[in-house]
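Enquirer: what's the 3D shape of this:
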Amino acid sequence: MRTNLCVLILLLSSAANVFAADIKEMHDRRQRAAAAFPDGILFVHAHSSLDITADGFRQNPIFYYFTGLENTVGAVFAIEGKSGECWLFLPTHPPFVKSGLQPEVVPGVDAAKRLGVEHVVDWFELEGFLAQRADSPLRIYYADDPSAFDELPPNMLGQKADGAPLWVQVIRQKWPSLEVKEVGPRVNALMAVQSLEEVSSLRSAGKVTVSAWTARMRAIRPGVSQRSVEAAVETACWNAGAHGSSFWPWAMAGENAVFPRPFTSLARYDHLNVTMRPGDLVRLDVGCEWSHYVGDLGRTVPVSGHYSDDQRETWNIFVAAYHAGVGVLRDGVTVDQVFDAWRAELLRHRATAKTRLAQHAIDSWSKRENVPFWQVHLTNLVVAFPTEPLRARTTINFEPIAAIDGQGFFLEDMYLITKDGAELLTVGVPYSVEEIEAAMR
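Expert: Residues are numbered from 1 along each chain as shown. Sure, this is the predicted structure:
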């Protein structure tokens, strides 16, 4: 039954066989990559595993960015810097072919024309491709998954083992003359400045994320579990027209909302599930996916539907500092400049702060070392840290993350950086204590 269901899902997902971006845009992306790595070859590997528990196959975002192929499993894509030519190496026996699955693309001239790729071949040709180039001073570039664990201990992979995935280790061992280098941040920088089509997808991602966040904020109340709120968010993303969530939601309550504890949930079967208690604050961090692009939005909300007096003052000061940071977002600004604006606004409230919590928060958060998770990050097909300064047509999330006296505070929106400022892509979400409390009624 499960096998038949999996085959049916794969058949349906590949039937349309539509590529998200046109050939010219893909060509431009590849040529920028070739220019960035003129002394070597950039290799990108498609995802190679199928997950029956997932809502659908999720492609490696970098592979998708350079190929437009969302349903091709296990393939290897190569961009040669010197010639600017590209090779797509396709597995000889893709999964479920014997059950009737039609692969998204097959080797040959027709596929090469459709994709605008010079060479679309069987992956048995990869060995000859590398062997022909092994005697030249050539670098192999790849972008690793920063969240992946090593698959084997280093003493089984040789002296050069540095966390590279096994497919890279095999290339390194078979052709030791080839220099291998991880370039994830450089590839992320190439992807950061977006086309008009990408910006449109991110605007849609932001809009549906707002809908899901707003609809499910009211699911938070004493006595409910974090998981029930997370499941409600997932449903809300689908109901809003998105392709589910772009990451599993965080509805982290109480001590679970204090960083870095939320990261622990990623390696926990229960996802740190707890029952929400009166008086706790909740990190409600939500993102819906639109055409592979990531939505991301969050606020700190009270389980009881209202903040305590010290939480009220502290949150409103936090929001004021947030808006001061937003006020300096624009092309050419650095993350340090954003922090300086945020910090200056915090300190402006120090003389008038009444509660001990707010006073303690200002004194602590105004020192950068006390807010190590305070961040600005890129948001497109992937989430990554930006190359500075920020550039126009880049989508970022401004995400101050802080904690004080065992309570987590966090606020996050999506912004499109422009020449003169930043366009808010997650419009309509409350900020102040009064707005959030009213929205939760």
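
Enquirer: Check what pLDDT the residue nearest the centre of the chain gets.
Expert: Within the chain, the residue whose C-alpha comes closest to the C-alpha centroid is Val383; the distance, by C-alpha atoms, centre = their mean, is 2.9 Å. Per-residue confidence (pLDDT) for Val383: 95.

Enquirer: Show the contacting residues for it.
Expert: 247, 294, 296, 377, 397 (C-beta atoms under 8 Å, 6 or more residues apart in numbering). Yep, even glycine has a C-beta here, placed from its N, CA and C like the rest.

Enquirer: ok, now with 6 Å
Expert: With contact set as C-beta atoms under 6 Å, 6 or more residues apart in numbering, Val383 has these partners: His377.

Enquirer: so it bridges to which residues?
Expert: The residues paired with Val383 through beta bridges, assigned by DSSP bridges, are Thr379.

Enquirer: Look up how far Trp290 lies from it.
Expert: 15 Å (C-beta to C-beta, to the nearest Å).

Enquirer: Ok, Ser201 next?
Expert: Counting by C-beta to C-beta, the separation of Ser201 from Trp290 is 5 Å.

Enquirer: what's the answer for His243, then?
Expert: 7 Å.

Enquirer: and what of Met156?
Expert: Here Met156 is placed at a distance of 41 Å from Trp290 (C-beta to C-beta).

Enquirer: Could you chop this protein up by domain?
Expert: Taking automatic domain parsing as the domain assignment, the ranges for the chain are 2-191, 193-439.

Enquirer: Among these, show me which one is buried the most.
Expert: The highest average neighbour count among the domains of the chain, using mean count of other C-beta atoms under 10 Å, belongs to domain 193-439 at a mean of 19.

Enquirer: immediately after whichever strand or helix holds Gln337, which helix or strand?
Expert: When secondary structure is defined by DSSP states H and E, Gln337 falls within helix 335-348. If you walk from helix 335-348 toward the C-terminus, the next helix or strand you reach (DSSP H and E) is helix 356-365.

Enquirer: Run through the neighbouring helices and strands of that following helix.
Expert: The helices and strands touching helix 356-365, judged by 3 or more C-beta pairs under 6 Å, 6 or more residues apart in numbering; DSSP states H and E, are helix 309-326, strand 401-404.

Enquirer: Need the residues that contact it.
Expert: Helix 356-365 is contacted from outside by 310, 313-314, 317, 346, 350, 353, 370-371, 402, 404, using C-beta under 6 Å, 6+ apart.

Enquirer: List just the nearest of those to Thr209.
Expert: Ala402 (22.4 Å; C-beta to C-beta).

Enquirer: List the contacts of that closest one.
Expert: Applying C-beta under 6 Å, 6+ apart as the definition, the contact partners of Ala402 turn out to be 365, 371, 409.

Enquirer: quick check, nearest of the residues you listed to Ile171?
Expert: Val371 (40.8 Å).

Enquirer: ok, now how distant is that closest one from Pro400?
Expert: From Val371 over to Pro400 the distance is 7 Å, taken as C-beta to C-beta.

Enquirer: State the pLDDT value of Val208.
Expert: Val208 is assigned a predicted lDDT (pLDDT) of 97.

Enquirer: My read is that it contacts His243, right?
Expert: No: taking contact to mean C-beta atoms under 6 Å, the distance of 9.6 Å between Val208 and His243 leaves them out of contact.

Enquirer: picking that back up, lowest average pLDDT across the domains of the chain?
Expert: Between those, the lowest average pLDDT goes to domain 2-191, which shows a mean of 85.

Enquirer: can you give me how far that one is from the chain middle?
Expert: 19 Å (C-alpha atoms, centre = their mean, to the nearest Å).

Enquirer: same thing with stretch 430-439?
Expert: 27 Å.

Enquirer: next one: stretch 265-284
Expert: Centroid displacement of stretch 265-284 relative to its chain, using C-alpha atoms, centre = their mean, is 21 Å.

Enquirer: what's in contact with that stretch?
Expert: Outside stretch 265-284, the residues that touch it by C-beta under 6 Å, 6+ apart are 220, 222, 224-227, 250-254, 256-257, 298-304, 407-408, 410.

Enquirer: likewise stretch 320-333?
Expert: Residues outside stretch 320-333 that contact it (C-beta under 6 Å, 6+ apart) are 337-338, 341-342, 345-346, 389-392, 400, 411, 415, 417, 419, 421-422.
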